[in-house]
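# A structural model of the following input is requested.
(2 chains)
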There are 2 protein chains.
Amino acid sequence: MPPAAESHPPLRVALLGCGVVGTQVARLLTEQADDLASRVGARLELVGIAVRNAAAPRASSVDRSLLTEDAEGLVARADIVVEVMGGTEPARSLLLRAIDAGAAVVTANKALLAEDGPTLYKAADAAGVDIYFEAAVAGAIPIVRPVRESLAGDRVRRVLGIVNGTTNYVLDQMATTGMDLEEAVKEAQDLGYAEADPTADVEGYDAAAKAAILASLAFHTRVSLDDVAREGIMSVTAEDVAWAAQTGHVIKLLAIAELREGTSVGATAGAPAGVSVRVHPALVPTSHPLANVRGSFNAVFVEAESAGELMFYGRGAGGAPTASAVLGDVVSAARHRVLGGKGPQESTYAELAILPASAAVTRYQVRLEVDDRPGVLAQVAHALAEHGVSIEAVRQPTAPGVSDVAEPGVAELLITTHAAPESALSATVAAVAGLEPVRTITSVLRVEGA
Amino acid sequence: MPPAAESHPPLRVALLGCGVVGTQVARLLTEQADDLASRVGARLELVGIAVRNAAAPRASSVDRSLLTEDAEGLVARADIVVEVMGGTEPARSLLLRAIDAGAAVVTANKALLAEDGPTLYKAADAAGVDIYFEAAVAGAIPIVRPVRESLAGDRVRRVLGIVNGTTNYVLDQMATTGMDLEEAVKEAQDLGYAEADPTADVEGYDAAAKAAILASLAFHTRVSLDDVAREGIMSVTAEDVAWAAQTGHVIKLLAIAELREGTSVGATAGAPAGVSVRVHPALVPTSHPLANVRGSFNAVFVEAESAGELMFYGRGAGGAPTASAVLGDVVSAARHRVLGGKGPQESTYAELAILPASAAVTRYQVRLEVDDRPGVLAQVAHALAEHGVSIEAVRQPTAPGVSDVAEPGVAELLITTHAAPESALSATVAAVAGLEPVRTITSVLRVEGA
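All right, here's what the predicted structure looks like:
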């Protein structure tokens, strides 16, 4: 053990919240006390755990003498405040109070950061204290530190994340077993992967909060939850999944943050510069590293100018994995206390424009049912061309067991477009839907990562 | 731009080496000067580039007025010294001189760190300066920072890395095209992925240096190149690759560092505690995330006690990707100069035993040709049991197009063992080879990640 561990007084750690993550943080702080002291150069002393109801039942590993309902009093006597209570209030007030009192703060609270992160970052900068939040984006996966620090000498172009384990599990089950969405959600609930009310997951709210944080980090720009265009997985059908497989894709719910530079040539001429932030199901080629992210795992794929393609993979949720990320942050903050110095700041010096959803540039795969007679394909192709959308491929497959088109005289078309602004694509789909021989637009999915 | 960028004097950066990586580092320092100044809070001024021959031809992007043959003089007038010259000397002397003079150092030199990293870490600790080496392990992939910092509150159990792009390309080509090793190496050379003399790659020396650094980081223990058991890919045949596919595996050259705790029960009873560090080709199940790491990409898979499984994926080599990692380190070191403080130290407080190669616990897949008559399988199984090695599966396949056994009266056996110490496994293979009905042991491959 280095001599510093003996010479520096213990650092007082306050824990706000004692749920699934808090219980694990408390356990690790105790179990790994000696290792942590060695790495930090001082002992970490858990001085209290703030809870709403100190009398409520707890895991047996929790030292009940540490429980307190006086969160404010606890914060006042801590060097490092760890917030794992969730929700925006009282979490925000308590963290601001901690920062004002000169404590370093560690939070796993994605909702709070997505809503009001910049307020906290600014307060921490002004007070000269550390704020860390590795666990808020993708659980155990180190993504905040790599983007903030490892890529600090590079330029991030695009971030594609599978950041919600519940929806990834559901889509993966649909792909591997052929079950439909409702069955897969039910199964995820039975296994404890999905909440009784799965809205936050399946409607993409959870992913959108993480997309906002990722976009802020990657582009040094304030992005809040309201800036994120959001579409959940509820409209994804078993047929969509089967079609995806037939065309060499899998469907993933992606959190996307990408830089769009103003361009003057090509299909996207005139597209405005800025950052596009969105969450939606997308077709991902099976050869893409994200396509192999199975079950409830998460992954974040980053494209940077010099580094090229990077991917970070691991457990995006769960008590112990999230606690691991929290503890890593606690060690960083504690080392700065002992050795002097401060972690990276959220300098928001590059306030890029947040583009509206309609300005995103993407590719569409449109599936539609049309009258089965000559000339229809030409008519559809003409409608696309009129909107400046060029076609990459049209398939008119007979897909036994995949298509539910049984009606005679009806053919199914599968059109994949080249990249074009979302506004042009959606206008095109509307125009195609209005064509006389088009019976119905069965599905519209975006293609990413190709 | 934050006010700090104006108020802090520029930081002087010295670059040692102007090869593929150095050229890119110099370019990025110039091209991204404004962004870097914003992130650091001070401008980074490239004050010189030390080269062996200042008159030699250079890329046009290199400012020749910065070139100098006086590396020592350059080091003396720098705040941050970036070493990308490679080799152990004069790199080591120059870095030690820089550290003594109080400069922060950033190095991409895996050979030097694998041979003598602890000398440098100690010197930096004693002088109170930063030493960063993200680019030395896996090029652009952030792996040093996540292991040193993000997992500082966790316990790493095992690291499995694909850390050599050349061999991964070669093995991947063998798997996807069926070509043999020599052809694949030749192709890699033609494409510039392999050197004219590919020894350092194909014999596993490059991977072994990285394994030593990874093991040191993950287990806070000094591991040098000499501690790494090393086996290259030269013995891997097209037939091995085809057999691997038949049994649901791919062959990867893995750098492995794993913690072995003393055990008193099961097949590995009596196995000593310590760290096993090795490089060898291994069968990896196709469902494992490492199996999908294609072409010249690298990936490092980490198993930690709380975080669970993590994987870091990206470009392990190349000028721009490596320069990205170097720049990230430069920014971290520079921020510490501006804001005060110091990066993490290589505290070697857990000096675990380095286990001999024979103590590694692994699984074998053994392919052998035997007389095709009743009772042979029982005889082979008996030999394994006698050495305490239990069999997971025996296959006696007829493998058209895969096996080259054409001789009548000869059968091929494929035996997969359960986990056992390497010493027991190798003794078993020797015993099996000596059995009367055994014609030849065609191949012995380890199985990892299952």
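# isn't there a helix covering residue A:196?
No: counting by DSSP: H, G, I helix; E, B strand; the rest coil, residue A:196 is not found in a helix; it is coil.
# Give me the pLDDT value at the residue of the stretch 351-450 of chain A found nearest chain B.
Proximity of the stretch 351-450 of chain A to chain B (CB to the nearest CB) peaks at residue A:351, 11.6 Å away. (Each C-beta comes from the backbone N, C-alpha and C, glycine too.) For residue A:351, the pLDDT comes out at 77.
# show me what contacts it?
For residue A:351, the contact set (CB atoms under 8 Å, 6 or more residues apart in numbering or on different chains) comprises A:221, A:222.
# Helix, strand, or coil at it?
coil.
# Also residue A:431?
helix.
# just residue A:106 next, same as before
Classified using three-state DSSP, residue A:106 is strand.
# hey, what's it bridged with?
residue A:82, residue A:132 (DSSP bridges).
# Surely it is in contact with residue A:136?
No: in this structure residue A:106 lies outside contact range of residue A:136 using CB atoms under 8 Å: 9.8 Å.
# And the two? Which one has more around it.
Legend: neighbour count by other CB atoms under 10 Å in any protein chain shown for residue A:106 and residue A:136, higher for residue A:106 (31 against 27).
# Tell me the spacing between the more buried one and residue A:328.
9 Å (CB to CB, to the nearest Å).
# Could you tell me how far residue A:36 is located from chain B?
According to CB to the nearest CB, to the nearest Å, residue A:36 and chain B sit 7 Å apart.
# what's around that residue, how many residues?
24.
# And for it, nearest residue in space, chain neighbours not counted?
residue A:44 (5.2 Å; CB to CB, 6 or more residues apart in numbering or on different chains).
# Show the contacting residues for the one you found.
Contacts of residue A:44 by CB under 8 Å, 6+ apart are A:10, A:11, A:13, A:29, A:33, A:36, A:37, A:80, A:330, A:334.
# quick one, strands of the stretch 201-350 of chain A?
A:229-230, A:249-260, A:274-285, A:297-304, A:308-315 (DSSP state E, counting those that start in this stretch).
# Let me have those strands in JSON lines, extended by mean neighbour count.
Listed next are the strands of the stretch 201-350 of chain A as JSON lines, based on neighbours: other CB atoms under 10 Å in any protein chain shown:
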{"stretch": "strand A:229-230", "mean neighbour count": "20"}
{"stretch": "strand A:249-260", "mean neighbour count": "25"}
{"stretch": "strand A:274-285", "mean neighbour count": "24"}
{"stretch": "strand A:297-304", "mean neighbour count": "25"}
{"stretch": "strand A:308-315", "mean neighbour count": "24"}
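# out of those, which comes closest to chain B?
If we rank the strands of the stretch 201-350 of chain A by CB to the nearest CB, the stretch that ends up nearest is strand A:308-315, at 3.9 Å.
# The closest one pairs with which strands?
strand A:297-304 (antiparallel), strand B:308-315 (antiparallel).
# The first one vs strand A:249-260, what angle?
Looking back up the chat, that one is strand A:297-304. Angle, strand A:297-304 to strand A:249-260, by axes from the mean of the first three to the mean of the last three CA atoms, to 10 degrees: 40 degrees.
# send the alpha carbons of strand A:297-304 over as CSV?
Provided in CSV are the C-alpha atoms of strand A:297-304 (Å, rounded to 0.1, in the frame of the first residue of the first chain):
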residue,chain,number,x,y,z
PHE,A,297,-26.4,-5.7,-23.8
ASN,A,298,-25.7,-2.1,-24.8
ALA,A,299,-23.1,-0.7,-27.1
VAL,A,300,-22.1,2.7,-28.4
PHE,A,301,-20.5,3.0,-31.8
VAL,A,302,-18.5,6.2,-32.4
GLU,A,303,-17.1,7.5,-35.7
ALA,A,304,-14.3,10.0,-35.2
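# Residues in contact with it: which ones?
Here strand A:297-304 has contacts from A:137-139, A:141, A:143, A:146-147, A:151, A:154-165, A:168, A:214, A:218, A:288-290, A:293, A:309-317, A:449, B:140, B:309, B:324, using CB under 8 Å, 6+ apart.
# Sitting in helices, which of those do you find?
A:137, A:138, A:165, A:168, A:214, A:218, B:324 (DSSP state H).
# want to throw the residues you listed into TSV with neighbour count, distance to residue A:410 and pLDDT?
Below are these laid out as TSV (neighbours: other CB atoms under 10 Å in any protein chain shown; distance: CB to CB, whole Å; pLDDT from 0 to 100):
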residue	neighbour count	distance to residue A:410	pLDDT
A:137	30	46	92
A:138	33	44	91
A:165	25	39	94
A:168	27	34	97
A:214	29	43	95
A:218	26	45	93
B:324	32	52	96
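# what residues does the stretch 151-300 of chain A put near chain B?
Neighbours of chain B within the stretch 151-300 of chain A, by CB under 8 Å from any CB of the partner chain: A:151, A:152, A:153, A:154, A:155, A:287, A:289, A:292, A:294, A:297.
# Identify the farthest-apart pair in those residues.
A:153 and A:294 (33.0 Å; CB to CB).
# Compare those two (neighbour count), which wins?
Higher neighbour count among residue A:153 and residue A:294: residue A:153, with 29 against 17, using other CB under 10 Å.
# Distance of the more buried one relative to residue B:35?
Residue A:153 is 8 Å from residue B:35, by CB to CB.
# quick one: buried residues of stretch A:372-387?
A:372, A:376, A:380, A:383, A:384, A:387 (16 or more other CB atoms under 10 Å in any protein chain shown).
# check contacts around the third one.
The neighbourhood of residue A:380, defined by CB under 8 Å, 6+ apart, consists of A:368, A:370, A:394, A:413, A:415, A:432, A:435, A:438.
# can you check the fifth one too?
Listed by CB under 8 Å, 6+ apart, the contact partners of residue A:384 are A:390, A:391, A:415, A:417, A:428, A:432.
# returning to what we had before: quick one: the residues of the stretch 151-300 of chain A next to chain B as JSON lines, columns for pLDDT too.
Shown next, in JSON lines, are these (pLDDT from 0 to 100):
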{"residue": "A:151", "pLDDT": "92"}
{"residue": "A:152", "pLDDT": "89"}
{"residue": "A:153", "pLDDT": "90"}
{"residue": "A:154", "pLDDT": "94"}
{"residue": "A:155", "pLDDT": "93"}
{"residue": "A:287", "pLDDT": "92"}
{"residue": "A:289", "pLDDT": "95"}
{"residue": "A:292", "pLDDT": "93"}
{"residue": "A:294", "pLDDT": "94"}
{"residue": "A:297", "pLDDT": "95"}
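# which of those tops the neighbour count?
That'd be residue A:153 among those, by other CB under 10 Å, with 29 neighbours.
# Not counting residues beside it along the chain, what's closest to it?
residue B:327 (2.2 Å).
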